[in-house]
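Q: coords please:
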Amino acid sequence: MVTALVFVRTDIHAVNDVAEEIAGIDGVSEVYSVTGDLDLVAIVRVRHLDDVSAVVTDGVAKVAGILTTETHIAFRTYSKHDLEAAFSIGLD
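A: Prediction:
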């Protein structure tokens, strides 16, 4: 599984509409509105590295209201949540 973080800057009046449209794109698992220099952070989770390009270039970047995007590929995931989920499988 390949994870990418897509930093998105939008037109100030389009943040909510852009977020909802991005959230509907196949391969996008979450979209967060954030403070600071960015407006949104989209989490892309796909099977192959080439799929990141398809999601970002053919999907996210074509959404009306986006000013810029910046994509970062994750090398590793460090998450207490993920570890807890993995070790608790079948222990209800």
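
Q: just so I have it, where are all the strands in this structure?
A: Taking DSSP state E as the criterion, the chain carries its strands at 2-10, 28-33, 40-46, 66-73.

Q: Direction included, what does the longest one pair up with?
A: If I follow you right, that is strand 2-10. Taking DSSP bridges as the criterion, strand 2-10 sits next to strand 40-46 (antiparallel), strand 66-73 (antiparallel) in its sheet.

Q: From the centroid of this structure, which residue is nearest?
A: Taking Cα atoms, centre = their mean, the centroid of the chain lies closest to I43, which sits 1.9 Å from it.

Q: rewinding a little: what's the closest of the strands of the chain to S79?
A: strand 2-10 (10.7 Å; Cβ to Cβ). No exception for glycine: its C-beta is placed from N, CA and C like everyone else's.

Q: Identify the residues contacting that closest one?
A: Surrounding strand 2-10, the residues in contact under the criterion Cβ atoms under 8 Å, 6 or more residues apart in numbering are 18, 22, 37-49, 51-52, 55-56, 60, 65-74, 77.

Q: Ok, stretch 60-72 next?
A: Residues beyond stretch 60-72 that count as contacts (Cβ under 8 Å, 6+ apart) turn out to be 4-11, 14, 17-18, 21-22, 25, 28, 42, 44, 52, 56.

Q: Go ahead and confirm V44 touches V52.
A: Yes. The pair V44 / V52 is scored as a contact, 5.9 Å apart, by Cβ atoms under 8 Å.

Q: neighbour count winner among these two?
A: Counted by other Cβ atoms under 10 Å, V44 and V52 do not tie: V44 has more neighbours, with 26 against 19.

Q: in the sheet, who's paired with the closest residue to the more buried one other than its chain neighbours?
A: In space, and not counting its chain neighbours, V44 is closest to A4: 4.3 Å by Cβ to Cβ, 6 or more residues apart in numbering. In this structure, A4 has beta-bridge partners V44, I73, where bridges are defined by DSSP bridges.

Q: Neighbours of A4, how many?
A: For A4, using other Cβ under 10 Å, the count is 22.

Q: how much space between it and D17?
A: In this structure, A4 lies at 22 Å from D17, with Cβ to Cβ, to the nearest Å as the measure.
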